[in-house]
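[1] Provide a 3D model corresponding to the input given below.
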Amino acid sequence: MSDSSPCVRPTVEELARFPLFADDNHDALQWLADHFEIRCFEAGDVLVQEGDPAVEFFVVLEGEIQYRMTGDAYGSVFIRVAGQPSGVLPFSRMKVARGRAVAIRPTRIVVMPAVQLRELVYRVPNLAQKLVSEMTDRTRESTRIAERTEKMLALGKLSAGLAHELNNPASAVVRSAAMLRETLAQRRRYGIKLRGEAVSPQAQAAMAALSESIDDCSTTNNNDALERADLAADLADWLEEQTAPSELAGDLVEAGITREKLTPLAQTLSHEAFNSGLRILAADYQVLCLTREIEDASRRISDLIQAVKSYSYMDQTPLSDVDVEQGIDVTLRMFQHQIKHGIQVDRKFDGHLPKVPANGSELNQIWTNLIDNAISAMSKMPSGEKVLEVRTSLEPEFVLVEIVDNGPGVPPEIQGKIFDPFFTTKPVGEGTGLGLDIVQRIVRTHHGLMRLESRPGRTAFQVRLPRVRPSAGT
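    I've put the predicted structure just below:
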């Protein structure tokens, strides 16, 4: 602290100026003033490191403290300013600091050992009530931030995979569009060149007929590769005899244009006109193929976008009749980038499930977390040995969904903890420990049931959703 703000103990009068202490009497505040320890910090000083034992309650009297949760991949920050409490609060179960506290500017705080909080509750009752309320708000805010982080981590994984899946067809569209532009330009040049030649009506009709016969890309799909290669070789030899461009033989055969079809044209056209006509026919075939590639790639992009809309339940009310199997299938498509690299997916769908009354977006959040956990559980297994099984079935009162992986399993000693908030076995930054807690709360919100069965080689999460939404009060 600077000389203008000496590091002095607080008086009863100073404490009473803060709303936090204003409702307690003089004796209560005097007890606080006698039992508080004063500490002062310069800007940049570290008050608490992550992992430090949580053994003190403190209140900021002057300055500002920034508390950053280092385990949060998205850098959540809490700010404490003059008059605000922090550290261990009454009835708190916090054992260690989950972040790092730094003074943002010259700061003065008062500190009390946590072991004295029990006496504080009796000595300063109004302050104790406020601190309990503060602890409730802090827990709610921490949970909200952790839930947001969990969602952002899941969204980041899905977005990365989706971006990869979109990039392939988008690149195909760009590439095919550029080739289409070049092919059309070449066709235009040879068309102008052909118009400069004397072409008989008979030859024009033959050219038109050949061009119209190319009604799709790969007309000769009925022929096997070896037969097409023989046809192309035969046509290339014939074109060389005609001093025509033999490199067009492959495209012409694919277009269904053979030596027999070209012979009459070669007999009625000049050499230059025949060569230009061949290039125009090859260009017509290439145009059809390129437009087909653009159409297929665009359809793939459209399907992916529709999958995202279905996944997020855009344009639908929060509560509706949901097709569970369709939601799972869409969610699996969101993971396609991860799944297609060495994971076998066995869909064992009932196929005749009734729709369930639910929030479709929240159900997809369940499937996202469970599928992501299953993929993570199998991450160290060799490609080709990973099996993700998704099973659905109908029970008298419930629709049952099982997400099963053949990973190492959940150790028995932690099976009772995996649904606890903030419990995670993943490295820092890869999970908040709220994924399964969120899943369980969503299932309960839908009046459903959740169960884990795990042993080495088989871990199954079972989710049961009621076929009929219970009426209020049941």
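[2] where along the stretch 351-474 of the chain do the helices fall?
    360-377, 435-445 (DSSP state H, counting those that start in this stretch).
[3] got CSV for those helices, with mean pLDDT, distance to Asp237 and mean neighbour count too?
    C-beta here means a position set from N, CA and C on the backbone, and glycine is covered the same way. Below are those laid out as CSV (pLDDT from 0 to 100; distance: least, Cβ to Cβ, whole Å; neighbours: other Cβ atoms under 10 Å):
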stretch, mean pLDDT, distance to Asp237, mean neighbour count
helix 360-377, 87, 54, 22
helix 435-445, 83, 66, 19
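[4] do you know which of the ones you listed lies nearest Met112?
    helix 435-445 (32.1 Å; Cβ to Cβ).
[5] which segments of the chain make up each domain?
    12-123, 160-304, 316-466 (automatic domain parsing).
[6] just the endpoints, please. Distance across the shortest one?
    Distance between the boundary residues of domain 12-123 (Cα to Cα, to the nearest Å) amounts to 15 Å.
[7] returning to that earlier point: nearest to Ala273, out of the helices of the stretch 351-474 of the chain?
    That would be helix 360-377 among these, by Cβ to Cβ, at 61.5 Å.
[8] helices and strands around the closest one, which ones?
    With contacts defined as 3 or more Cβ pairs under 8 Å, 6 or more residues apart in numbering; DSSP states H and E, helix 360-377 has these neighbours: helix 125-195, helix 271-312, strand 320-322, helix 324-334, strand 386-394, strand 398-405, helix 435-445, strand 458-466.
[9] can I get that helix in PDB? Just the C-alpha atoms.
    Extracted in PDB, the C-alpha atoms of helix 360-377 (Å, rounded to 0.1, in the frame of the first residue of the first chain):
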ATOM      1  CA  GLY A 360     -35.300 -32.200 -27.900                       C
ATOM      2  CA  SER A 361     -32.200 -30.000 -27.500                       C
ATOM      3  CA  GLU A 362     -31.700 -31.100 -23.900                       C
ATOM      4  CA  LEU A 363     -32.000 -34.800 -24.900                       C
ATOM      5  CA  ASN A 364     -29.400 -34.200 -27.600                       C
ATOM      6  CA  GLN A 365     -27.200 -32.800 -24.900                       C
ATOM      7  CA  ILE A 366     -27.600 -36.100 -23.000                       C
ATOM      8  CA  TRP A 367     -26.500 -38.100 -26.100                       C
ATOM      9  CA  THR A 368     -23.700 -35.700 -26.800                       C
ATOM     10  CA  ASN A 369     -22.100 -36.100 -23.300                       C
ATOM     11  CA  LEU A 370     -22.600 -39.900 -23.200                       C
ATOM     12  CA  ILE A 371     -21.200 -40.400 -26.700                       C
ATOM     13  CA  ASP A 372     -18.300 -38.100 -26.000                       C
ATOM     14  CA  ASN A 373     -17.500 -40.000 -22.800                       C
ATOM     15  CA  ALA A 374     -17.700 -43.300 -24.700                       C
ATOM     16  CA  ILE A 375     -15.300 -42.100 -27.400                       C
ATOM     17  CA  SER A 376     -12.900 -40.700 -24.700                       C
ATOM     18  CA  ALA A 377     -13.000 -44.000 -22.800                       C
END
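[10] can you tell me the closest non-neighbouring residue to Glu37?
    Nearest non-adjacent residue to Glu37, counting by Cβ to Cβ, 6 or more residues apart in numbering: Val111, 4.6 Å away.
[11] surely that neighbour is within a strand?
    Yes. With DSSP: H, G, I helix; E, B strand; the rest coil as the criterion, Val111 is located in a strand.
[12] now do the contacts for it.
    Phe36, Glu37, Ile38, Arg39, Glu56, Phe57, Phe58, Gly87 (Cβ atoms under 8 Å, 6 or more residues apart in numbering).
[13] against Val48, how distant is it?
    11 Å (Cβ to Cβ, to the nearest Å).
[14] find residues that contact each of those two.
    Gly87.
[15] same for the helix or strand Lys261 falls within, what does it pack against?
    For Lys261, the element it lies in under DSSP states H and E is helix 259-268. Counting contacts by 3+ Cβ pairs under 8 Å, 6+ apart, helix 259-268 packs against helix 201-213, helix 225-241, helix 271-312.
[16] winner for burial among those helices?
    helix 271-312 (a mean of 18; mean count of other Cβ atoms under 10 Å).
[17] between it and helix 360-377, how many degrees?
    100 degrees (axes from the mean of the first three to the mean of the last three Cα atoms, to 10 degrees).
[18] got any ranges where the stretch 51-200 of the chain has weak pLDDT?
    Scanning the stretch 51-200 of the chain for pLDDT under 70 picks out 70-76, 142-161, 164, 198.
[19] was I right about Pro354 contacting Val468?
    No. The pair Pro354 / Val468 is not scored as a contact, 9.2 Å apart, by Cβ atoms under 8 Å.
[20] same list (the helices and strands packed on helix 360-377) but as TSV, adding distance to Thr243.
    Output for the helices and strands packed on helix 360-377, formatted as TSV (distance: least, Cβ to Cβ, whole Å):
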stretch	distance to Thr243
helix 125-195	17
helix 271-312	7
strand 320-322	68
helix 324-334	54
strand 386-394	58
strand 398-405	65
helix 435-445	70
strand 458-466	70
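[21] for Lys348, find the nearest of these.
    strand 386-394 (4.3 Å).
[22] how distant is that closest one from the center of its chain?
    Mean C-alpha position of strand 386-394 versus that of the full chain (Cα atoms, centre = their mean, to the nearest Å) differs by 21 Å.
[23] again, but for stretch 114-121
    The answer for stretch 114-121 is 45 Å, by Cα atoms, centre = their mean.
[24] what does that stretch contact?
    32, 35, 54-57, 87-90, 112, 127-128.
[25] from what I see, Glu240 and Ser246 are in contact.
    Yes. Counting by Cβ under 8 Å, Ser246 is a contact partner of Glu240 at 4.9 Å.
[26] wasn't Phe91 part of a strand?
    No. Secondary structure of Phe91, determined by three-state DSSP: coil, with no strand assignment.
[27] can you list the helices of the stretch 351-474 of the chain in JSON lines and add distance to Ser200?
    Shown next, in JSON lines, are those (distance: least, Cβ to Cβ, whole Å):
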{"stretch": "helix 360-377", "distance to Ser200": "66"}
{"stretch": "helix 435-445", "distance to Ser200": "76"}
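[28] of all these, which one is nearest Ser383?
    helix 360-377 (12.5 Å).
[29] ok, the contacts of stretch 114-121 vs Leu436, which is closest?
    Using Cβ to Cβ, those come closest to Leu436 at Ala54, 25.1 Å.
[30] how much space between the residue nearest to that closest one when sequence neighbours are not counted and Val81?
    Take Ala54 and drop its neighbours on the chain: the residue closest to it by Cβ to Cβ, 6+ apart is Met94, 4.6 Å away. Separation of Met94 from Val81 (Cβ to Cβ): 21 Å.
[31] how much space separates the closest residue to Glu362 other than its chain neighbours from Ala16?
    Spatially, and ignoring its direct neighbours in sequence, Glu362 is nearest to Ile442 (4.9 Å; Cβ to Cβ, 6+ apart). In this view, Ile442 and Ala16 are 47 Å apart by Cβ to Cβ.
[32] returning to what we had before: of the helices of the stretch 351-474 of the chain, give the one that comes closest to Tyr285.
    From the helices of the stretch 351-474 of the chain, taking Cβ to Cβ, the stretch that ends up closest is helix 360-377, at 43.3 Å.
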